[in-house]
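In: build me a model:
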Amino acid sequence: MLSAELKLQIEEATTRLKNGEVVGFPTETVYGLAARIDSEAGIKRIFSTKERPFFDPLIVHVASIEQAKSCTSEWNEMAELLATNFWPGPLTLVLPKSKNISDLITSGLPTVGLRWPAHPVAQELIKAVGVPLAAPSANKFGRTSPTKAQHVREEFGQAVQVIDAGASEIGIESTVISIKFLNDQYQLALLRKGAVLQTKMNEVLFKTRLRFQWVEAIDKKESPGHMQHHYMPSMPFIVCRNPHLKLSELSTILNTRLAELPDLIDGVKIIKPTQAIKKIEFLKLSNDPAQAAREVYSQLRAASLRKPEALCFIQMPQHKGEMWESIFDRLYKAASLIVD
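Out: Residues are numbered from 1 along each chain as shown. Got it, this is the predicted structure:
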């Protein structure tokens, strides 16, 4: 049962969305920046507010499987199976888009990413609006995703209303998979790792009569967050994959290699030091990957406010398993530099 305050916030957000505005709203993964899929003005405002290039597609959020079916021209047995088992939840299915989805949402691609979020506030907002919502994460393009309403306020100030429902439970973006039917079987490609793990999907898939195979996603442009640099904090962030490296050696490497980096990669500003790094702060995450996922963006944002000369995360041998792979997908893209 939602509080009276949350109901009022949803009511205000619904009005704003109807008027072609964007709003920040909570999901179980991260906070999103939403517009109605039938509002061209709202969709354009997502891109302008985020300063996001139009080549990066948006995920469409629904509140039922029936709504999802209205967004795709090909709701197949595989989509039904995965949606039945993992929706509502942090899984995005990439399918051929229907005429209800504009090219603006999909960056001109013939496919659309669809997700039914598990967060009750997200569900109530979509139901109140009456149409699905297009929504990337509620942050400036290439920067660290928000997991609290305060993060959205820090990013956009009073320009964006945000529904405040506390911290996101999962803390990293959804798993994204594409579904294609070729040569009498389904081709599944993991476009972005998240909290719905491939092994969990396989447990469901191996019990079915559907023929399928996992294929390597050579081109991940169908998924948001596919670029080399994403989720970046506002100070130099480094991932060190060599836990035996001495601090003095690490400092020397950073001061040499960070200065050699280009200013921009794929339109994302690379954060470099303005002077020689003398002191390195270290990012500490829980050894439990589920807890680490909840912490990672919040910790990166907190460090950005402290403005250390450089922030470093040491990758340890115990950081193994699928959920850690999902976390490192974000950490590697957030990093200005990866040191081996």
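
In: contacting residues for residue 32?
Out: Neighbour list for residue 32: 24, 25, 26, 61, 122, 133, 135, 136, 137, 138 [criterion: Cβ atoms under 8 Å, 6 or more residues apart in numbering]. Glycine gets a C-beta too; all of them are placed from N, C-alpha and C.

In: redo these as TSV? Include neighbour count, secondary structure and pLDDT.
Out: Below are these laid out as TSV (neighbours: other Cβ atoms under 10 Å; DSSP: H, G, I helix; E, B strand; the rest coil; pLDDT from 0 to 100):
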residue	neighbour count	secondary structure	pLDDT
24	26	strand	98
25	31	strand	98
26	29	coil	98
61	28	strand	98
122	28	helix	98
133	28	strand	98
135	27	coil	98
136	22	coil	97
137	30	strand	97
138	28	coil	98
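
In: pop out the phi and psi values for residue 282.
Out: In this entry, residue 282 is assigned phi and psi values of phi -110, psi 130 (degrees, to the nearest 10).

In: partner residues bridging residue 94?
Out: In this structure, residue 94 has beta-bridge partners residue 113, residue 178, where bridges are defined by DSSP bridges.

In: ok, and the closest non-adjacent residue to the residue nearest the centre of the chain?
Out: Centrality entry for the chain: nearest residue to the mean C-alpha point is residue 173, 3.4 Å, by Cα atoms, centre = their mean. The shortest distance from residue 173 to any residue that is not its chain neighbour, by Cβ to Cβ, 6 or more residues apart in numbering, is 5.3 Å, and that residue is residue 29.

In: ok, residue 298 next?
Out: In space, not counting the residues next to it along the chain, residue 298 is nearest to residue 147; the distance is 5.4 Å by Cβ to Cβ, 6+ apart.

In: what do you get for residue 81?
Out: Closest to residue 81 by Cβ to Cβ, 6+ apart is residue 208, at 6.0 Å.

In: can you classify the one you found by secondary structure?
Out: Three-state assignment for residue 208 (DSSP: H, G, I helix; E, B strand; the rest coil): coil.

In: neighbours of it, how many?
Out: Taking other Cβ atoms under 10 Å as the neighbour definition, residue 208 ends up with a count of 12.

In: so it is in contact with residue 82, correct?
Out: No: under the criterion of Cβ atoms under 8 Å, residue 208 lies out of contact with residue 82, with a separation of 10.1 Å.

In: ok now stretch 269-285, how far from the chain's centre?
Out: Distance, stretch centre to chain centre, for stretch 269-285: 24 Å (Cα atoms, centre = their mean, to the nearest Å).

In: for it, buried residues please.
Out: Buried residues in stretch 269-285, counted by 16 or more other Cβ atoms under 10 Å: 270, 271, 272, 273, 277, 280, 283, 285.

In: in a markdown table, list those along with distance to residue 152.
Out: Below are the buried residues of stretch 269-285 laid out as a markdown table (distance: Cβ to Cβ, whole Å):
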| residue | distance to residue 152 |
| --- | --- |
| 270 | 24 |
| 271 | 21 |
| 272 | 27 |
| 273 | 28 |
| 277 | 30 |
| 280 | 29 |
| 283 | 22 |
| 285 | 22 |
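
In: can I get the residues you listed in TSV with pLDDT?
Out: What follows is the buried residues of stretch 269-285, written out as TSV (pLDDT from 0 to 100):
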residue	pLDDT
270	80
271	79
272	81
273	84
277	91
280	95
283	97
285	97
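
In: and the longest helix along the chain, what does it pack against?
Out: Of all the segments of type helix in the chain, defined by DSSP state H, the longest one is helix 289-306. On a contact count with 3 or more Cβ pairs under 8 Å, 6 or more residues apart in numbering; DSSP states H and E, helix 289-306 meets helix 149-156, helix 322-334.

In: so for the next helix or strand after it, mean pLDDT?
Out: With elements assigned by DSSP states H and E, the helix or strand that comes after helix 289-306 is strand 311-314. Average pLDDT, strand 311-314: 97.

In: so how far is strand 311-314 off the chain centroid?
Out: Here the centre of mass of C-alpha atoms in strand 311-314, compared against the chain's by Cα atoms, centre = their mean, lies 21 Å away.

In: cool, stretch 265-276 as well?
Out: Remark: stretch 265-276 is offset 21 Å from the chain centroid, using Cα atoms, centre = their mean.

In: quick one: end-to-end distance for that stretch.
Out: Stretch 265-276 has its terminal residues 22 Å apart, counting by Cα to Cα, to the nearest Å.

In: before we move on, what about stretch 214-234?
Out: Distance between the boundary residues of stretch 214-234 (Cα to Cα) amounts to 37 Å.

In: model confidence over it, on average?
Out: Mean per-residue pLDDT for stretch 214-234: 76.

In: so what touches the helix or strand residue 66 falls within?
Out: Here residue 66 is covered by helix 65-69, with elements defined by DSSP H and E. With contact meaning Cβ under 8 Å, 6+ apart, helix 65-69 is reached by 62, 75, 79, 80, 83, 84, 87, 93, 114, 116, 126, 132.

In: give me the pLDDT value at the first one.
Out: In other words, residue 62. For residue 62, pLDDT reads 98.

In: ditto for residue 259
Out: Residue-level confidence at residue 259 comes out at 85, pLDDT.
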